[in-house]
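Peer 1: can't give you the sequence, but here's the structure:
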């Protein structure tokens with residue numbers, strides 16, 4: 001399975017592609033405020049590229065539970081200068097813009113982004129037009145509600161079957177709007193309107209989602225369900241303490257159908273995947 005971007009095609013039939021998370025926000029749950037200047041964002045992106053990130057995902061609006069929406073002008077001021085700088089300094093790395101706003105996507109694509117990561121799955125009616133005009137790939141994510149309300153007792157009949165039904169509708173909608181299937185990636189939205197039990201079900205049943213025939217992006221890095229599993233409901237681990245759990249869950253996802261892994265800790269996962277490939281191979285490793 002190959003996936004097109006502006007800097008080439010990713011071969012998704014091999015080990016998963018790594019997408020590095022670059023939040024240029026003051027309030028993201030895991031690293032808010034650490035990379036919200038062009039200089040710190042560039043340094044972080046260069047580090048992730050050296051460590052094995054094939055894609056850098058730049059986001060200017062936090063989607064953590066309880067987050068408030070960000071005005072368009074604020075998001076543009078956060079994101080576009082970073083995209084401009086990274087496009088000129090890291091020409092061999094694909095840039096993704098993490099946004100639900102068509103205007104942010106448009107300007108980011110014009111400044112060198114290759115991919116739109118839309119956690120609202122085309123809620124903005126102008127987004128399909130922008131994607132079509134720029135021949136841009138898109139990630140469509142499932143979520144229940146919006147960041148302010150999505151964790152308020154989310155209920156499903158069958159979480160995986162409900163997500164599959166949602167994706168089928170969104171795929172049909174996207175195609176009707178002129179977006180070809182080969183430019184669409186699906187993200188089941190772990191942690192977005194899901195309980196710990198829901199997240200576990202999604203991971204255990206990834207092959208059912210992969211059967212839709214589109215690449216799967218999995219974003220679980222440092223998510224709160226990892227902290228609850230490892231530390232307990234009353235004393236969940238902080239985001240900084242979830243590295244080992246994130247690594248284990250990402251390796252599980254890689255083994256069960258994930259094509260793209262969206263993560264904070266690129267170096268650790270890149271090394272773990274390299275060892276995994278060596279163990280799976282038939283040649284002796286010196």
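Peer 2: Looks like it came in fine. Please read all numbers here as calculations on a predicted model, not as lab measurements.

Peer 1: show me where the stretch 51-200 of the chain has its helices.
Peer 2: Under the criterion DSSP state H, counting those that start in this stretch, the stretch 51-200 of the chain contains helices at 72-89, 102-110, 127-134, 159-176, 196-204.

Peer 1: could those go into TSV alongside mean neighbour count?
Peer 2: (C-beta placed from N, C-alpha, C; glycine too.) Supplementary listing: the helices of the stretch 51-200 of the chain in TSV, determined by neighbours: other CB atoms under 10 Å:
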stretch	mean neighbour count
helix 72-89	18
helix 102-110	22
helix 127-134	19
helix 159-176	16
helix 196-204	18
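
Peer 1: in JSON lines: these, plus distance to residue 280 and mean pLDDT.
Peer 2: Listed next are those as JSON lines, based on distance: least, CB to CB, whole Å; pLDDT from 0 to 100:
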{"stretch": "helix 72-89", "distance to residue 280": "33", "mean pLDDT": "95"}
{"stretch": "helix 102-110", "distance to residue 280": "36", "mean pLDDT": "98"}
{"stretch": "helix 127-134", "distance to residue 280": "36", "mean pLDDT": "97"}
{"stretch": "helix 159-176", "distance to residue 280": "27", "mean pLDDT": "98"}
{"stretch": "helix 196-204", "distance to residue 280": "20", "mean pLDDT": "97"}
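
Peer 1: for the residue lying closest to residue 100 once chain neighbours are set aside, what are phi and psi?
Peer 2: Sequence neighbours aside, residue 120 is the residue nearest to residue 100 in space, at 4.1 Å (criterion: CB to CB, 6 or more residues apart in numbering). Here is the backbone geometry of residue 120 (degrees, to the nearest 10): phi -100, psi 0.

Peer 1: output the helices of the stretch 51-200 of the chain as a markdown table; include the columns distance to residue 237.
Peer 2: A markdown table is the format used below for the helices of the stretch 51-200 of the chain (distance: least, CB to CB, whole Å):
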| stretch | distance to residue 237 |
| --- | --- |
| helix 72-89 | 29 |
| helix 102-110 | 33 |
| helix 127-134 | 36 |
| helix 159-176 | 23 |
| helix 196-204 | 13 |
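
Peer 1: does residue 59 have any beta-bridge partners, and if so which?
Peer 2: When bridges are called by DSSP bridges, residue 59 pairs up with residue 23, residue 98.

Peer 1: I should have written residue 5 there, sorry.
Peer 2: Bridge pairing for residue 5 - DSSP bridges - gives residue 8.

Peer 1: from residue 177, how far out is residue 103?
Peer 2: 17 Å (CB to CB, to the nearest Å).

Peer 1: what segments of the stretch 151-286 of the chain are strands?
Peer 2: With strands called from DSSP state E, counting those that start in this stretch, the stretch 151-286 of the chain shows them at 184-187, 217-218, 260-263.
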